[in-house]
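**Q** coords below, sequence missing:
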């Protein structure tokens, strides 16, 4: 029960007028996207860049944790766990998936 | 005469750096802190081909920015202390991300030799790396290694020696960024060279320029000591703004992108990906243990299994050691009694021997199995999965998933758990995590809970105490989180692939941690028990307990004698029960009294060794604050329990 009230964080997502941009958290499991930019403070953005999340790089959302927990992504051949708050600040452009599964 | 060499190990976390360190130095390691910093420093020596080599294991980091203390400590060591060679441990299965760090070492113009580690694991993933191509691209020697088995370690050392005595020449790659960025860097570099000649003797001028463009707080801070510093900073700010205007990104992101594009190019050219990887056992295990539903019962089982093993192994070991050491200490005690006046004999007997024996027979037997299991969990890669599952719950306490690791450690012993809080990124989170850790019943407190409540009242009551403790930690964690200023930090954590742990690595880790624990805890245990025994001999303790009787008897409803064990419990919590049993028959206590006694023991000050660890990690103010809160809370809850419990419990 106490896990429910996590919505607030997700609401702070990008405005819809950014075109095809999505927050990383909005990708489906297994879906890929290209990083466009990371919102948030200087420290966070820099840390994400150090971990390889720089604009233009391809990421894959591997899985989402339950109770709006963290997400696991794959970037530059490495698996990273990002807390929901962090992941929702990363904007991606989804890559059209040719072969549906 | 042997020649002296200083070699530093540097690299990302989870690349097998500590395995290489263990292979190089074996058990000849000293683990301590960097002077004045709460960053672990591991050092060891080895002898090879007439050289005495001092190896320093730098912390596992992803970058050389000023993100964490670890990063600052590392880059200052490399730039200022200038080790003869840096062995850059690189994970062959994640080359691109690892090269990002290698490039930063090259920017620092450090003399490096690359240990391309986990080549076996990479091969299993279908990744093959052309060592010669990689070596050519970087301009430094690259030695493939498998640290776990020790393969390649000899070649690595031979290469290091060859570089040192000039048989092998380094022609390190000069990191050049894209045209626009490089132009800004070069412009700023001119100012740096002109205005800060002294600083350029320590750090490369170009590196200073790059860091200033990245708005590195630490480097900017260094400039304040120099006359021309302010002017250079102004230029740096101007150039950084120009760069940001061109690219539409914050400058550190621009530079990170530049480095990554170089790293990516080098990695691609040196890598061939063979046969697309099949879904391996490791991946299946990964999917299962992080599963939305199944992951949680697995986590619960792992923790349950871990504790069962620790208590089994621990109580068995404890009995064996107790048998040996009690006999030995009473033998020594008898001899002493012949030669010394009785108070001196008591002092040595109870103070020194008693403390040592308690440490050996009660603490060590639980801590050693705990360390073994912990090392297994760490090396297998399970802990990050547990952190992944627990992230959300930890957020409620203003922490993130990684804090789950020190909390689990806390069930073994609070001392390593407090030190383990270092994995948290900020001061604020270290404090929150350490506070929660002190409330977790460690093995010693478990002895009291199980030995008193579990044994006489029933296991259900003991389990209820544990459950109450978890709820308490959650509530207090939440309050502390709201009360402390500052923003919580989100989780950014690598999820290294599952691996089979190596026995050698597990045992080495256990050994060095146990040694570390003995060094921290034993002197304190002995000093503490010596003091209290001395105070007891001069009658001070009796005086205190008499004074404390309104509190012990009036407020907590315990027999007056219980005051002594509670005071002695500060040394080691299990002593509280041992002493209580010596003073009054345990079964003369009522169920409520037992629960109150166990509850108070569970929550009040961790123990001297933990306070010492808190002091070391957080400074005296925070250590004091935690101690005061814990004691007040224990007394408050104990009194409340004494008044409320009888309503629920038929006596």
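**A** Here it is on my side, so go on. Please read all numbers here as calculations on a predicted model, not as lab measurements.
**Q** which stretches of the stretch 301-450 of chain B have low pLDDT?
**A** Along the stretch 301-450 of chain B, segments meeting pLDDT under 70 span B:362.
**Q** how about the residues of chain A by chain B?
**A** By Cβ under 8 Å from any Cβ of the partner chain, the part of chain A that sits against chain B consists of A:2-3, A:6, A:37-38, A:42-52, A:54-57, A:63-70, A:72, A:76-86. C-beta coordinates here come from the backbone N, C-alpha and C atoms, glycine included.
**Q** of those residues, keep whichever come out buried.
**A** A:37-38, A:43-52, A:54-55, A:57, A:63-65, A:68-70, A:72, A:76-86 (16 or more other Cβ atoms under 10 Å in any protein chain shown).
**Q** quick one: which of the residues of chain A next to chain B sit in helices?
**A** A:42-50, A:84-86 (DSSP state H).
**Q** so which residues of chain A form strands?
**A** A:22-23, A:32-38, A:58-64, A:71-75, A:78-82, A:90-94 (DSSP state E).
**Q** so which of these is nearest residue B:577?
**A** strand A:78-82 (40.7 Å; Cβ to Cβ).
**Q** what's the first-to-last distance across stretch B:89-101?
**A** For stretch B:89-101, the first and last residues are 10 Å from each other (Cα to Cα, to the nearest Å).
**Q** swap that for stretch B:40-59, sorry
**A** 7 Å.
**Q** what of stretch B:31-42?
**A** End to end - Cα to Cα - stretch B:31-42 spans 4 Å.
**Q** and the contacts of that stretch?
**A** B:18, B:21, B:29-30, B:43, B:56-57, B:59, B:69-70, B:73, B:422, B:512, B:515-516, B:616-617 (Cβ atoms under 8 Å, 6 or more residues apart in numbering or on different chains).
**Q** averaged pLDDT, that stretch. What do you get?
**A** For stretch B:31-42, the mean pLDDT works out to 74.
**Q** flag every buried residue along that stretch.
**A** Applying 16+ other Cβ under 10 Å to stretch B:31-42 flags B:34, B:38-42 as buried.
**Q** how about the strands in the stretch 151-300 of chain B?
**A** B:271-273 (DSSP state E, counting those that start in this stretch).
**Q** show me which residues of the stretch 301-450 of chain B sit near chain A.
**A** Residues of the stretch 301-450 of chain B lying near chain A (Cβ under 8 Å from any Cβ): B:384, B:387-389, B:391-393, B:395-396, B:400-401.
**Q** farthest pair within the residues you listed?
**A** By the measure Cβ to Cβ, B:384 and B:396 form the most distant pair in these, at 20.0 Å.
**Q** which one of the two has more residues nearby?
**A** The neighbour comparison of residue B:384 against residue B:396 (other Cβ atoms under 10 Å in any protein chain shown) goes to residue B:384, with 22 against 15.
**Q** got the contact list for that one?
**A** Counted by Cβ under 8 Å, 6+ apart, residue B:384 has contacts A:81, B:493-496.
**Q** not counting sequence-adjacent ones, nearest residue to the most centrally placed residue in chain B?
**A** Nearest to the mean C-alpha position of chain B, by Cα atoms, centre = their mean, lies residue B:420 at 3.2 Å. Once flanking residues are discounted, residue B:420 sits nearest to residue B:406: 3.9 Å by Cβ to Cβ, 6 or more residues apart in numbering or on different chains.
**Q** my guess is the residue nearest to the centre of chain B contacts residue B:407, does it?
**A** No - taking contacts as Cβ atoms under 8 Å, residue B:420 lies outside contact range of residue B:407: 9.0 Å.
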